[in-house]
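Visitor: here is the input, now give the coordinates:
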Amino acid sequence: MAKKAVNETALNLSKVRNIGIIAHIDAGKTTTTERILYYAGKIHRMGEVHDGAATTDYMEQEKERGITITAAAITVFWRGHQINVIDTPGHVDFTAEVQRSLRVLDGGVVVFDGVAGVEPQSETVWRQANEYNVPRICFINKMDRVGADFHRCVDMIVDRLGGKPVLIQLPYGEGSDFGGIIDLVQMQMISYGDELGTDIKHGDIPSELRDDAKAARAEMIERIVETNEALTEKWLQEEPINNDELMKALRQATIRGELQPVMCGSALKNKGVQLLIDAIVDILPAPSDIPPIQGTDVKTNKVEERSASDDEPLTALVFKIVTDPFVGRLAFFRVYSGTIHVGSMVLNTSKDRRERIGRVVRMFADRREDVEIVHAGDIAATLGLKNTFTGDTLSDQKHPIILEDIHFPEPVISVAIEPKTKADQDKMGEALSKLAEEDPTFVIQVNEQTGQTLISGMGELHLEVLVDRLFREFKVDARVGKPRVSYRETITRKARGDGRFVRQTGGSGQYGHAIIEIEPMPENAEEDFVFENAIVGGTIPKEYIKSVEHGIKEAAQSGVIAGYPVVRVKARLVDGSYHEVDSSDIAFKIAGSMALKDAVAHGMPILLEPYMRVEVTVPEEYAGDVMGDLSARRAEIGGLEPRAGGISSIRSEAPLGEMFGYATDLRNMTKGRGNFTMEFHNYAPVPESMQQAIIKGSYR
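Guide: Coordinates of the predicted model:
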């Protein structure tokens, strides 16, 4: 019965919603998701994050830490609609999970902590949602907590995020007085008669709040009609506008990104979640509401569009890989057009490899339901794909198309890891490869000189979780070194480099000669390193240009002054020479490598270090000490903001190398009452006094 319902519902695109729950860590995403599952009848008992019992936090590491680490997909049904929900992580170390989820979602629910308001990771996920044009609803959670301030949160959405919030609800009371929700569309008071939130009572708005509600409704109507010409005309002529017209216009404005409806509640106290699910159905887009996906036709190299229809050729994007110890590799995909059938052959256009679709499943966190077909606009997973990874496009073999890949941030921190025994050597290599397949921000490098294995990621917690999985899931025994910062190298002026590789042996020799010019690129350049061929007159034959480029880019990866990747550099091949007999691809590759090293050495090279956005929340009495400590860590203090309950929020930007072990130091400074969040901001030059220490390895 369930399988039949899944397939029938998927055929009606207007009744499908692909949505993500996104927010800063500890804003209540997973608790909200758990309530959605409960009220939709998917689970019969609500599990709590703090008890390690939340449905979507199924990994051992998630249960122990009480945080979401990996995005979990679940399908529920509400009012005849199929909702594919993805609960995403809030911790900055796992921001790639949010990014790849937003890439394939049609809408999002951004959850805010009613006390803290807009936090650093809120800004990151909002920015990612902007990048992918994801329409969103704002849900201000934890309205039952002391210090909750609904209007302050709304102001922060405008000031910090540049959002366009429109209030469709008001809270009835805040903190311990939070008693219900005022619906500004229906102009009624909604309260709850039981702790589970299932006994919903609709009544009149209390007299003391009636004037506030009328004023808020008038403002809501004004904000909505501004986005719709027909309603603007009616409004100016003072004609009545009914609620159906308002909701239709609100939905259209939300889908266009012109407005973000704001709702409120307390997921933990089971208030406001059913209204949120209603809004997901009523306001957020169906696959048929979003513009057709664009891709490049592999045969003609022209941009093509594919609409969300079963009748169009297959176009799907793989956005996540999960290694399941029992069933193997699961590839999560979003079908943009056409259908995927069990047993069918598809083309991986990113790799130009054919793949057979084996078992297809609809995910319920860590459980699976088998399905025979996945329709346009739907999200599912398949087992058995051999050559397909995150960001790859699956398409119809006769109509190959390739979608834009998913671009992930570079890792900023690394640790050395080595197996304890020879038996662990092979196991470790295989396990690390599987983890890297799952996580595009996890990078493995082997130092050719020392044989040492370095693993890199987005932060200390990211690497800690991956190493923990290595030990538990893959039973690998290994030693792990101290975290080290992933620095970068760049140049500060234009320079010229000459690379000449000549080797004469008994027989034929080797000859390659390349001259390049390099120049710095701006910090916001789209690519870290750019190569340009400016050879004229055939001083280097065309067949060797690619070899020179490979040599240059390979040298850029291993650095020049301290072994870190060279970034923000444009290299132009301007001259060189060749030998008719002795020249070869390998000779020109080595010549290119030598030319880059020579040029960088003359370009006044410097090191760049990752700077992090750091927000610390502490009781007011500790604010001075904390700011002094941050300054000593070379942080640039951005501001001090007082919050409710005698709490201060300190915003700053600090070098990652100075922030290792900060959690312990902050606890000691504030007697355990301080908290902080940290996310990557940019790369900035290392002070000259420290550069030599880093090169010598005497600094982190």
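Visitor: check which residues of stretch 556-563 are buried.
Guide: 556, 559, 560, 561, 562 (16 or more other CB atoms under 10 Å). All C-beta atoms are positioned from the backbone trio N, CA, C, and that covers glycine.
Visitor: can you lay out those residues as CSV showing distance to residue 599?
Guide: Compiled in CSV, the buried residues of stretch 556-563 are given as follows (distance: CB to CB, whole Å):
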residue, distance to residue 599
556, 11
559, 13
560, 9
561, 13
562, 17
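Visitor: what about those residues, which are in strands?
Guide: Within the buried residues of stretch 556-563, no residue falls in strands by DSSP state E.
Visitor: out of those residues, flag the one nearest to residue 574.
Guide: residue 556 (17.3 Å; CB to CB).
Visitor: measure that closest one to residue 421 for me?
Guide: Distance of residue 556 to residue 421, computed by CB to CB, to the nearest Å: 36 Å.
Visitor: tell me the one among the buried residues of stretch 556-563 nearest to residue 145.
Guide: When those are compared against residue 145 (criterion: CB to CB), the nearest one is residue 562, at 47.6 Å.
Visitor: what score does the nearest residue to that closest one once chain neighbours are set aside have for pLDDT?
Guide: Nearest residue to residue 562 in three dimensions, chain neighbours excluded: residue 695, at 4.6 Å (CB to CB, 6 or more residues apart in numbering). Listed pLDDT for residue 695 reads 81.
Visitor: assign the residue most central in space within the chain to helix, strand or coil.
Guide: Nearest to the mean C-alpha position of the chain, by CA atoms, centre = their mean, lies residue 99 at 2.4 Å. At residue 99 the chain is in helix, as set by DSSP: H, G, I helix; E, B strand; the rest coil.
Visitor: please verify my assumption that it contacts residue 128.
Guide: Yes - Residue 99 is within contact range of residue 128, at 5.4 Å (criterion: CB atoms under 8 Å).
Visitor: circling back: what's the helix or strand containing the residue nearest to residue 562 packed up against?
Guide: Element membership of residue 695 [criterion: DSSP states H and E] is helix 688-696. Helix 688-696 is packed against strand 606-619, with contacts defined by 3 or more CB pairs under 8 Å, 6 or more residues apart in numbering; DSSP states H and E.
Visitor: what lines up beside the strand it packs on in the sheet?
Guide: Sheet pairing of strand 606-619 (DSSP bridges) gives strand 488-490 (antiparallel), strand 647-655 (antiparallel), strand 675-685 (antiparallel).
Visitor: gap between the residue nearest to the centre of the chain and residue 206?
Guide: Residue 99 is 43 Å from residue 206, by CB to CB.
Visitor: from what I see, the residue nearest to residue 562 and residue 559 are in contact.
Guide: No - judged on CB under 8 Å, residue 695 makes no contact with residue 559 at a distance of 10.3 Å.
Visitor: low-confidence stretches in the stretch 601-700 of the chain?
Guide: Counting by pLDDT under 70, the stretch 601-700 of the chain contains low-confidence ranges at 698-700.
Visitor: if we use 50, what do you get?
Guide: By pLDDT under 50, the stretch 601-700 of the chain contains no weakly predicted segment.
Visitor: show me the strands in the stretch 451-600 of the chain, by range?
Guide: 453-457, 478-480, 484-485, 488-490, 495-503, 510-520, 529-533, 569-577 (DSSP state E, counting those that start in this stretch).
Visitor: could you tell me the least trusted of these?
Guide: strand 484-485 (a mean of 84).
Visitor: who's in contact with that strand?
Guide: 412, 413, 414, 415, 416, 609, 610, 656, 657, 700 (CB atoms under 8 Å, 6 or more residues apart in numbering).
Visitor: one more: stretch 339-355?
Guide: By CB under 8 Å, 6+ apart, stretch 339-355 touches 298, 310, 314, 316, 333, 356-360, 371-376, 380, 382, 385-388, 391-397, 400-402, 405.
Visitor: can we see that at 6 Å?
Guide: 298, 310, 356-357, 360, 372-375, 385, 387-388, 392-395, 397, 400, 402 (CB atoms under 6 Å, 6 or more residues apart in numbering).
Visitor: show the buried residues in these.
Guide: For the contacts of stretch 339-355, buried by 16+ other CB under 10 Å: 298, 310, 357, 360, 373-375, 385, 388, 392-395, 400, 402.
Visitor: now, which of the residues you listed lie within strands?
Guide: Per DSSP E, the buried ones among the contacts of stretch 339-355 map to strands at 360, 373, 374, 393, 394, 395, 402.
Visitor: so which helix or strand of this structure has the lowest pLDDT on average?
Guide: helix 2-11 (a mean of 41; mean pLDDT, DSSP states H and E).
Visitor: so what strands line up beside the helix or strand following it?
Guide: Once helix 2-11 ends, the next helix or strand along the chain (criterion: DSSP H and E) is strand 16-23. Within its sheet, strand 16-23 is paired with strand 81-87 (parallel), strand 107-113 (parallel), according to DSSP bridges.
Visitor: confidence-wise, which of those strands is weakest overall?
Guide: The bottom spot among those, by mean pLDDT, belongs to strand 81-87, with a mean of 86.
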